[in-house]
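> build me a model from this:
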Amino acid sequence: MKISTLKKVIATALVITSAPGLAGKADTQLETLMDSYWDKHLKSSPMMASYMGDSTYSDRLDDLSEKGFAERTANLDIAIAKLKKISVKKLSDENRVNFEVFEWVVNNERKTLDYDWRSITFNSVMGWQTIFAQLAGMTTFNSEEDYHAYLKRLQAFGAFAEQNMALMQKGIEVGYVQPCETLNGYEASISGFIAATPEQSLFYAPFTRIPASYGDDVIRELQTKGKQLVNDVVNPAYQRYNTFFTETYKPACRNTIGLSEIPKGRELYDHFVRYYTTMDTDADTVHALGLSEIKRIRAQMEAIMTEVGFEGDLKAFFAHLRTDPQFYPKTEEEFLAKAASLAKRIDGKLPEYFSYLPRNPYGIKPVPAHIAPKAAAGYYQGGAADGTRAGVYFLNTYNLKSRPLYTLAALTLHEGVPGHHQQISIAGELDSLPTFRRSYYFHAYGEGWGLYSEYLGEEMGIYDTAYDRFGRMIFEVWRAVRLVVDSGMHAKGWSRQQAIDFMADNSALSMHDITSEVDRYITYPGQALAYKHGELKIRELRGKAEQALGKNFSLREFHTVVLKSGAVPLSVLEGIVERWITEQKKA
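Next up is the predicted model:
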């Protein structure tokens, strides 16, 4: 799919409609700049393009060389310079929103490049080796050309692996390495991709599904080449990485955990705090917000504990929930079936709460075994914007004794609908938005919407029992606890054990989940701050709209306003909702 360079406007009632007529010079300048930047960005990141369903560069992998880095930096610098020359006052109302969003993107992405963070090529959630494997599983094959493009991508993997290891080596030299305490067992996420034979490799799997209509000669040729590349390029590259990781990188790990302990690390963490929250805030403010939210949520949890008749304090109730077998699935099939049943129940409720729903469906799959031990309880993989690939809600079925049933409703609301699948799919369908706005992910908006969706599940009647409602509270307090432990470890000198103990005292998550989560916050600093900030802002804006509009407030239309804005920084979302409120008052 060739990325369009046609002029685009936001086709929603979020902003005051401009007077009809041709776009002015400022509008044309902005639209051309946004398209030019995004086209160059996708060309420099073919893997991102493929993830979005754009097959233009599906025969390539990202260029992580110094030349490639310089080109990405120049693309941002050029965009920032040209943006300053555009007169905001002369833009249409729609393009003023686009300007705000684009300005935030290019300036914040450029700021990240001022540090050596690109030397950190993995965290406990994902790494370049798992992203490549995920991408292979997402690739769609509709023609013989698609198979040949995939073969070229497999061929390129050897060089891609070397570039990643070179970046990691540079990280060792400049002090940008992951902490020792988080690396135990990480080798499994590398060695798990090394197949005993090419036929057993997940990278060969597409060649087992070649349509018979291609003919025996073509099928034989593609399969032969596929086996050869898996055997001679892919497997050896993973083996080299496994050796490099175990013999070079892991011995060079750092003994501290806080980002503040590495060169320019505190400055970088302050940037990440603003980047992931999309707010002008700081670590101390985030820490205090977390403590305040924990206090509020604990009071609600204690009320539910009293409701179910538990005798003891909250800590004892947490222990009861972690250890009583009645709260845990006995088989993977039971767990997946329960999630599927919940998903369909939620589907049936959506029209009552949303006036606009996405076209693309989603499925449910278990988290792949080789990454499951360190993966989250669940996560979402987006579908293709053109509808050729459905979204996927991945549910972690590893160690079922750590996967409580009472949190499954909240998890499904967050990862499926009305959470990530609904939000991301709608954004991808908004053809009237500039191309970059259909796919760029603002963490505070996206994760805030996911957490808000858990809250909305109460109104939708999805939580059947008091334990299910407590499960939602567990998830909400978990996001509040993140604010404290993330800022605590990266800005206040907390130890890993201190973070684990704090989470154990303030949530009923299993100890396996707690240790996995703490390692996530250590290796992925700042990202976990997004959830609570986004959810609180969406709830604040809903409350403002309800108060201002009274009986004329429509929850269905409020949700459409939020979702059809596309992903935006929270400050931009606030302006969109406030303009909508003004328009509703005039109606």
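> low-confidence regions, this protein specifically.
Scanning the chain for pLDDT under 70 picks out the ranges 1-23.
> neighbouring contacts of stretch 77-90?
For stretch 77-90, the external contacting residues (Cβ atoms under 8 Å, 6 or more residues apart in numbering) are 24-27, 29-30, 33, 37, 96, 99, 102-103, 106-107, 110. C-betas here are computed from N, CA, C, even on glycine.
> just the buried members of the residues you listed?
Neighbour counting over the contacts of stretch 77-90 (16 or more other Cβ atoms under 10 Å) leaves Ala26, Asp27, Gln29, Leu30, Leu33, Tyr37, Arg96, Phe99, Phe102, Glu103, Val106, Arg110 as the buried ones.
> I'd say the first one and Leu91 touch.
Spelled out, that is Ala26. Yes: using Cβ atoms under 8 Å, Ala26 is in contact with Leu91, at 5.1 Å.
> related to what we said a few turns ago, return the subset of the buried ones among the contacts of stretch 77-90 lying in helices.
Ala26, Asp27, Gln29, Leu30, Leu33, Tyr37, Arg96, Phe99, Phe102, Glu103, Val106, Arg110 (DSSP state H).
> tell me where the stretch 401-550 of the chain has helices.
For the stretch 401-550 of the chain, the helices defined by DSSP state H, counting those that start in this stretch occupy 408-415, 420-429, 443-460, 466-491, 496-506, 511-523, 530-549.
> nope, the stretch 151-300 of the chain is what I was after
Assigned by DSSP H, counting those that start in this stretch, the helices in the stretch 151-300 of the chain fall at 188-191, 216-229, 235-244, 265-277, 283-307.
> quick revisit: between Ala26 and Leu91, what contacts are shared?
Between them, Ala26 and Leu91 share no contacting residue under Cβ under 8 Å, 6+ apart.
> quick revisit: out of the helices of the stretch 401-550 of the chain, deepest packed?
helix 408-415 (a mean of 27; mean count of other Cβ atoms under 10 Å).
> got the domain ranges for the protein?
25-114, 128-175+184-252, 267-535 (automatic domain parsing).
> make TSV from the helices of the stretch 151-300 of the chain and add mean neighbour count to it.
Formatted as TSV, the helices of the stretch 151-300 of the chain follow (neighbours: other Cβ atoms under 10 Å):
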stretch	mean neighbour count
helix 188-191	19
helix 216-229	15
helix 235-244	18
helix 265-277	21
helix 283-307	16
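> nearest to Gly446 among those would be which one?
Nearest of the helices of the stretch 151-300 of the chain to Gly446, taken as Cβ to Cβ: helix 265-277 at 10.7 Å.
> hmm, who's touching the closest one?
Contact with helix 265-277 is made by 108, 111-112, 115, 117, 258-260, 280-283, 286, 443-444, 487, 490-491, 525-530, 533-534, 570, as judged by Cβ under 8 Å, 6+ apart.
> make sure Gln326 is indeed in a helix.
Yes: assigned with DSSP: H, G, I helix; E, B strand; the rest coil, Gln326 falls within a helix.
> measure it to Leu76 for me?
Separation of Gln326 from Leu76 (Cβ to Cβ, to the nearest Å) stands at 54 Å.
> tell me which of those two has more neighbours.
Taking other Cβ atoms under 10 Å, Gln326 and Leu76 do not tie; Leu76 has more neighbours (21 against 8).
> if I pick the more buried one, what's in contact with it?
Tyr37, Val106, Glu109, Arg110, Leu113.
> ok, those residues vs Leu451, which is closest?
Leu451 has its nearest neighbour among the contacts of Leu76 in Glu109, at 24.4 Å by Cβ to Cβ.
> any idea how far Asp35 is from the closest one?
Glu109 sits 17 Å away from Asp35, going by Cβ to Cβ.
> for Gly575, which of the domains of the chain is the nearest?
domain 25-114 (7.7 Å).
> any idea how far apart the tips of the closest one sit?
End-to-end span of domain 25-114 (Cα to Cα, to the nearest Å): 33 Å.
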